[in-house]
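# Model the following, please.
(one chain, ligands or ions: 1)
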Amino acid sequence: MPAGSIGFIGLGNMGAPMAHRLVEAGYSLQVHDKSAERRKDFMDRHPCHDPPDLVSLGRSSELVITILPDGHIVREVLLGVGGVAAGMSANALVIDMSSSSAVGTLETAALLAESGIGFIDAPVSGGVKKAVDGTLAIMAGGDAHLIDRVRPVLEVMGKVFHTGPVGSGHAMKSLNNYLSAASLASACEAILAGKAFGLDPARMIEILNASSGRSNSTEYKFPGFILNQAYNSGFGIGLLAKDLRLARELMDCTGTPDTLLRACAGIWQQAAERLGELADHTEVYKFLESISSDAKSQDT
Ligand code: NAD
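Down below sits the predicted model:
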């Protein structure tokens, strides 16, 4: 894939730093976001083209990257009326880096294939910090020859893991986020119980990180966003609740027992409803704390 002609759609917490890295690496981008503020903020800092509409963006891009809230929005942006695909030529390629539904992605890829447009699902893990550093884990599903074609572009943003055919990247991502969400919720419950028993939360985290209970949540999220009450990881709680719905969809369609996932997804869904979709996902600690104080006041 030669330098140039990349359409980049979605300039949010993840998309903006990822697009920034591509510009810094010498790629010429045409950017789009439905938020005029986010477009302006990006264009003020980078020499990018802002196409008049999505069809024009598609027409002048041989590669289009999407990093949007979910796969429904990706489908609408690509294949809705006046969508990007209407302008794209055969042999052009779409990479969806959003955390989208694996099942929905199979349908989107098949619809694009009718126009000869290739598709790779390449969701990412690592959060805003790794998006800034270009050290994301990129889970790429699709034909090996297509992934090789765009590997230099992807490697500007992180390390590429080929997961298998189209859809497998999105499947892998939803399962990763299930484990991540379960570990954070269980760490919050453990810290709250220890605190109520008289243990010091900071000391608990120090001990967990030297013990078998450690995880990304105890090593990174508790010190970085929860113990200091910053709650500013840049990953919205509504997006994580969505990821758990996608993991449930995968368990349903594969007939896998999901007792623990259902309990976990319920916690995150309630937290997103109580705190609002835009709350930071690390605020789940405050949600679980409020539930435990509600329970104690009912006991007294
Ligand atoms: P975000 O909400 O910060 O950004 C999403 C962007 O999409 C926004 O700028 C919004 O204006 C734009 N958008 C929404 N609908 C649109 C439309 N119809 N047309 C054009 N633009 C539209 O979200 P984010 O945190 O950047 O996450 C993006 C994706 O990456 C999600 O799928 C999320 O699950 C995933 N993800 C996020 C993180 C993280 O730490 N934030 C980590 C890994 C994966």
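# Now do the contacts for the residue nearest the centre of the chain.
Nearest to the mean C-alpha position of the chain, by CA atoms, centre = their mean, lies residue 99 at 4.5 Å. Residues in contact with residue 99 (CB atoms under 8 Å, 6 or more residues apart in numbering) are 70, 123, 170, 173-174, 177, 239, 242-243, 246. To be clear about C-beta, it is placed using only N, CA and C from the backbone, and glycine gets the same treatment.
# Keep the residues you listed, but drop any that are not near the ligand.
70, 239 (CB under 6 Å from any ligand atom).
# which one of the contacts of residue 99 sits closest to residue 44?
Ranked by distance to residue 44 (CB to CB), the contacts of residue 99 are led by residue 239 at 25.7 Å.
# Closest residue of the stretch 1-150 of the chain to the ligand?
Using CB to the nearest ligand atom, the single residue of the stretch 1-150 of the chain nearest to the ligand is residue 12, 1.7 Å away.
# Backbone torsions only: list them for residue 92.
When read as degrees, to the nearest 10, the backbone of residue 92 gives phi -70, psi 170.
# Sorry, wrong one. I was asking about residue 230.
phi -80, psi -40.
# Same check on residue 143?
According to degrees, to the nearest 10, residue 143 has phi -60, psi 140.
# Might you report the residue contacts of it?
118, 165-166.
# So it versus residue 102, what's the distance?
16 Å (CB to CB, to the nearest Å).
# just residue 292 next, same as before
35 Å.
# Specify which residue of the two has the higher count of neighbours.
residue 102 (25 against 16; other CB atoms under 10 Å).
# residues in contact with the more buried one?
121, 167-168, 170-171, 174, 246, 249-250.
# Among those, name the ones in helices.
When DSSP state H is applied, the contacts of residue 102 are split such that 168, 170-171, 174, 246, 249-250 fall in helices.
# how does this protein divide into domains?
5-165, 171-299 (automatic domain parsing).
# could you dump the ones you listed to a markdown table with mean pLDDT?
Listed next are the domains of the chain as a markdown table, based on pLDDT from 0 to 100:
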| stretch | mean pLDDT |
| --- | --- |
| domain 5-165 | 97 |
| domain 171-299 | 96 |
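# which stretches of this structure form helices?
15-24, 36-45, 54-59, 71-79, 102-113, 127-133, 144-155, 168-197, 201-208, 216, 237-254, 259-275, 284-299.
# and of these, who's closest to residue 230?
That would be helix 284-299 among the helices of the chain, by CB to CB, at 11.5 Å.
# any residues touching that closest one, and which ones?
Against helix 284-299 from outside (CB under 8 Å, 6+ apart): 184-185, 188-189, 191-192, 196, 226, 231, 237, 267-268, 270-271, 274-275.
# out of the residues you listed, which are buried?
Buried by 16 or more other CB atoms under 10 Å: 184-185, 188, 191-192, 226, 231, 237, 267-268, 271, 275, out of the contacts of helix 284-299.
# From those residues, pick the one nearest the ligand.
Nearest to the ligand, judged by CB to the nearest ligand atom, of these is residue 237 at 10.7 Å.
# Who are the contact partners of the closest one?
268, 271-272, 275-281, 283-284 are the contacts of residue 237 under CB under 8 Å, 6+ apart.
# Just the buried ones from those, in ChimeraX syntax?
Typed into ChimeraX, the next command selects the buried ones out of the contacts of residue 237 (criterion: 16+ other CB under 10 Å):
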select :268,271,272,275,279,280,281,283,284
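# In a markdown table: the contacts of residue 237, plus distance to residue 17.
Below are the contacts of residue 237 laid out as a markdown table (distance: CB to CB, whole Å):
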| residue | distance to residue 17 |
| --- | --- |
| 268 | 25 |
| 271 | 26 |
| 272 | 24 |
| 275 | 25 |
| 276 | 24 |
| 277 | 21 |
| 278 | 19 |
| 279 | 21 |
| 280 | 17 |
| 281 | 18 |
| 283 | 22 |
| 284 | 24 |
